[in-house]
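Enquirer: sequence and computational prediction follow.
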Amino acid sequence: MVMEAEFKDVEVFKKMMDAIGSLMSDVSIDFNEEGFAIKAMDPANIAMVLFEAKKSIFSSFNIEKPVKISVSLDDLNGILKLAKKEDKLKLSDSKNKLILDINGRNKQHFSIPLIDENYTAQKIPQLKFVSEVTVLGSLIKDSVKAASLVDDSIYFTVDRPRFIISSKSDEKEFSQELSINENKEIFDLKSESTTRSKYSIDYLTKFLYVVDSEKPIKMSFSNNYPLKVDYELNSDAIMSFILANRLE
C-alpha cells in the first residue's frame, strides 16, 4: 500500500466527482506529499477539468511516494453515491486496485480496478487571456439558464466597463449586461480590449453544478478562444474548467 487518505468532508469529493463524471468517463488522480491533483479530458476533446487539493482536505493522509490512480468514473461515482454527508471516506491503493472504505452507520468496503497504467492524462494547454471577469456564482448560473431558453450556445462579451452575456437563435434572443457596482454583480473585471467568444451551454451547465451560488468564480477568455473558469471550493481545494470555444 502506497497511499491511504481519509476525507474530512466526503461531500466535497462526491460533488466534484459527480461534476467530472457528467463530462468524462475516466479520471486520473495524482497523489503526492502535498495532496492530490486531477486532470480529465472529455472524449470529444472539448472540455477539461482540473482539480487541486491540499493534504489539509484530509483528516489523515499517508503516502510513501507519488502515485497515479486512474479509474472509471462509473465505478467510482456508483460507490460515492452510497456515502452520506456524515460518513467517513477512506481511499487506499492495493495490487492495482483502488480501495474505498465508507464508515458511518454501516461499514462498507469496496475495491475497483485501476485503468491500465499506460493510461496518460491530458496535458494542460498553455493559454493566454485578454479578459478576466470575477462574478458571483448564482448570477452566472442564472444567466446560463436564461440563455438556454434561447439557444444551445452562449456569448460572453467584455466591453469595459460592461460584461455582456447573450444568446440568440433564428427567432429568439437574450442579453444581460453586468458591471462592477454596489450590488456586487461583478467583483472584478480586467480586459486589454473588447472581447467576445461563444461557448456550449450544455458543458457550462454541467460544470456550474459544482459551483456554490454564494461564491465567486473567475472567467478568463479572449476573442474566439477557449474559456477557463476557476472556482475555489474551499480553502483546501481549487477546481478549474477549460472549454473550447464554438466557431461563430
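Expert: Right, received. Where do you want to start? Numbers count the residues shown, from 1 in each chain.
Enquirer: care to break this structure down by domain?
Expert: Under the assignment automatic domain parsing, the domains of the chain span 3-113, 131-226.
Enquirer: got JSON lines for those, with mean pLDDT and mean neighbour count too?
Expert: Where you see a C-beta, it was placed from the backbone N, CA and C, and this is true even at glycine. Output for the domains of the chain, formatted as JSON lines (pLDDT from 0 to 100; neighbours: other C-beta atoms under 10 Å):
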{"stretch": "domain 3-113", "mean pLDDT": "90", "mean neighbour count": "17"}
{"stretch": "domain 131-226", "mean pLDDT": "93", "mean neighbour count": "17"}
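Enquirer: kindly reformat these as CSV containing distance to S240.
Expert: Converted to CSV, these look like this (distance: least, C-beta to C-beta, whole Å):
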stretch, distance to S240
domain 3-113, 4
domain 131-226, 9
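Enquirer: show me where this structure has its helices.
Expert: According to DSSP state H, the chain carries its helices in the segments 10-21, 73-80, 137-147, 201-208.
Enquirer: got these as a markdown table, with distance to E52 columns?
Expert: Shown next, in a markdown table, are the helices of the chain (distance: least, C-beta to C-beta, whole Å):
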| stretch | distance to E52 |
| --- | --- |
| helix 10-21 | 11 |
| helix 73-80 | 18 |
| helix 137-147 | 19 |
| helix 201-208 | 16 |
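Enquirer: nearest to P161, out of the ones you listed?
Expert: Among these, helix 137-147 comes nearest to P161, with 16.1 Å by C-beta to C-beta.
Enquirer: by contact count, what packs against the closest one?
Expert: Counting contacts by 3 or more C-beta pairs under 8 Å, 6 or more residues apart in numbering; DSSP states H and E, helix 137-147 is packed against strand 153-159, strand 162-168, strand 173-179, helix 201-208, strand 216-221.
Enquirer: what's the closest of the domains of the chain to A237?
Expert: Proximity to A237 (C-beta to C-beta) singles out domain 3-113 among the domains of the chain, at 4.3 Å.
Enquirer: roughly how far out does that closest one sit from the chain middle?
Expert: 14 Å (C-alpha atoms, centre = their mean, to the nearest Å).
Enquirer: how long is it end to end?
Expert: Domain 3-113 has an end-to-end distance of 16 Å (criterion: C-alpha to C-alpha, to the nearest Å).
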